[in-house]
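Asker: Quick one, what's the 3D model for this:
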Amino acid sequence: MTFLMHLSDVSEREWANAFQKALPNHKVVTRQDQYSPVEIKYLYVWKPEADAFDGLDHLEVIFSLGAGVDSIVKHPKLPRGVPVVRFVDDTLTQCMSDYVVANVTMHHRQATRYKREQAQRKWDQYYPERASTINVGIMGLGQLGKDAAQKLSMLGYNVAGWSRNPKCIAGIEEFSGTAKFDEFLSRTDILVCLLPLTPETQDILCMENFSKLRRGHLPGGPCIVNAARGGHQNEDDIVAALKGGTLAAASLDVFKVEPLPTSSELWALDNCYITPHIAAISGLEAGVRLVTSQINSYEQSGELKHLVDVERGY
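Answerer: Predicted structure coming up:
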């Protein structure tokens, strides 16, 4: 039973060594090792290359290194009928919530305003309103969105969520389906994107939707936070919205092209907070523990958790 690491931008050898210790009865290989593609039973993948699935005729399970699986399910050579397993772990969830909470509170507490006044050496004692007056809207109520929503609610924010289907999360106002999307936007001061990337959510962060956010309540205007996928955002629209006042500020951790090109106008905007796709990471220890338990369960009972609906894309 051979387990192949196919990890772009990540050390395959480090992961392979850790998995070999956790799964001593399995052969664990990287793409640099000698192996026959037909012997591969399990694949651990991150950002699959064009030939990721070539020759893997006996592949039984695909494990994703990350919570996002769009690069896998969109792969033109993805073998049909092979289950795809998402990465779901408390450590990753906590890190994502840390990022969301930090950026929501930063915008609520008027970081851009005070950064500009600091540059001007201006002392203006404006006092931001309490959290309970701020409406936060989270797009995507999966594992990550649910946890972030609950943590923000505990801090006193008025939190609502929008998703494809109702989730019934205690204490969170929910909107579901396209019919409720505009209503969700119209009550939102700070918009957080934690959606899966699908054809329906491509470029959802766009000028048309920014213009529907609630205005006149959060000083300077509404703000956005995107820690999902770069494909969710129309970056030209974000630049225009930040320059023109449709948005007061934006926190962006993901981009359509990564690394973000130095030519991007986003770099120069003082109301755009850029981080290099670091909101949450699938840690080595947690990843090995999670996938090892999944393989053991699969070999003992045939059961797998956190399966992806390939047709839906998440």
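Asker: Provide the strand pairings for the helix or strand A250 falls within, with the direction of each partner.
Answerer: Assigned by DSSP states H and E, A250 belongs to strand 249-252. Partners of strand 249-252 in the sheet, by DSSP bridges, are strand 223-226 (parallel), strand 272-274 (parallel).
Asker: Alpha carbons of that strand, as PDB, please.
Answerer: These are the backbone C-alpha positions of strand 249-252, laid out as PDB (Å, rounded to 0.1, in the frame of the first residue of the first chain):
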ATOM      1  CA  ALA A 249     -11.000  49.200   4.000                       C
ATOM      2  CA  ALA A 250     -10.100  45.700   2.900                       C
ATOM      3  CA  SER A 251      -8.100  42.800   4.500                       C
ATOM      4  CA  LEU A 252      -6.900  40.400   1.800                       C
END
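Asker: which residues touch that strand?
Answerer: If you take C-beta atoms under 8 Å, 6 or more residues apart in numbering as the criterion, strand 249-252 is touched by 103, 106-107, 111-112, 220, 223-227, 233, 238, 241-242, 266, 271-275. (Each C-beta comes from the backbone N, C-alpha and C, glycine too.)
Asker: how about the helices in the stretch 51-200 of the chain?
Answerer: If DSSP state H, counting those that start in this stretch is used as the criterion, the helices of the stretch 51-200 of the chain fall at 70-73, 90-108, 111-119, 143-154, 181-186.
Asker: With adjacent residues omitted, what lies nearest to the spatially most central residue of the chain?
Answerer: Of all residues in the chain, the one closest to the mean position by C-alpha atoms, centre = their mean is A228, 2.8 Å from it. Distances taken as C-beta to C-beta, 6 or more residues apart in numbering put C193 closest to A228, at 4.8 Å, once the chain neighbours are dropped.
Asker: how far away is that neighbour from S11?
Answerer: Taking C-beta to C-beta, to the nearest Å as the measure, C193 falls 29 Å from S11.
Asker: just L191 next, same as before
Answerer: Using C-beta to C-beta, one gets 35 Å for the distance from L191 to S11.
Asker: the more surrounded of these two?
Answerer: Remark: of L191 and S11, L191 carries more neighbours, 28 against 12, as counted by other C-beta atoms under 10 Å.
Asker: I'd like to check which residues are in contact with the more buried one.
Answerer: For L191, the residues meeting the contact criterion (C-beta under 8 Å, 6+ apart) are 137, 139, 185, 205, 213, 222-225.
Asker: Okay, now the unreliable bits of the stretch 201-314 of the chain?
Answerer: Nowhere does the stretch 201-314 of the chain drop to pLDDT under 70.
Asker: show me where the stretch 101-250 of the chain has strands.
Answerer: Remark: strands of the stretch 101-250 of the chain, listed N- to C-terminal, are 135-139, 158-163, 173-176, 190-193, 223-226, 249-252; assignment by DSSP state E, counting those that start in this stretch.
Asker: Please name the nearest non-neighbouring residue to A131.
Answerer: Spatial nearest neighbour of A131, excluding adjacent residues (C-beta to C-beta, 6+ apart): G156 at 3.8 Å.
Asker: give me the number of residues near that neighbour?
Answerer: Taking other C-beta under 10 Å as the neighbour definition, G156 ends up with a count of 12.
Asker: ok, now G142?
Answerer: Counted by other C-beta under 10 Å, the residues lying close to G142 total 17.
Asker: wait, it sits on V308?
Answerer: No. Taking contact to mean C-beta atoms under 8 Å, the distance of 11.3 Å between G142 and V308 leaves them out of contact.
Asker: got any residues that touch both of these two?
Answerer: The contact sets of G142 and V308 overlap at Y314 (C-beta under 8 Å, 6+ apart).
Asker: ok, so what distance separates K122 from Y114?
Answerer: With the distance defined as C-beta to C-beta, K122 ends up 9 Å from Y114.
Asker: Give me the more crowded residue out of these two.
Answerer: With other C-beta under 10 Å as the criterion, K122 and Y114 differ in neighbour count, and Y114 comes out ahead with 14 against 9.
Asker: how near is that one to A52?
Answerer: Between Y114 and A52 the distance is 47 Å, computed by C-beta to C-beta.
Asker: Done for today, thanks.
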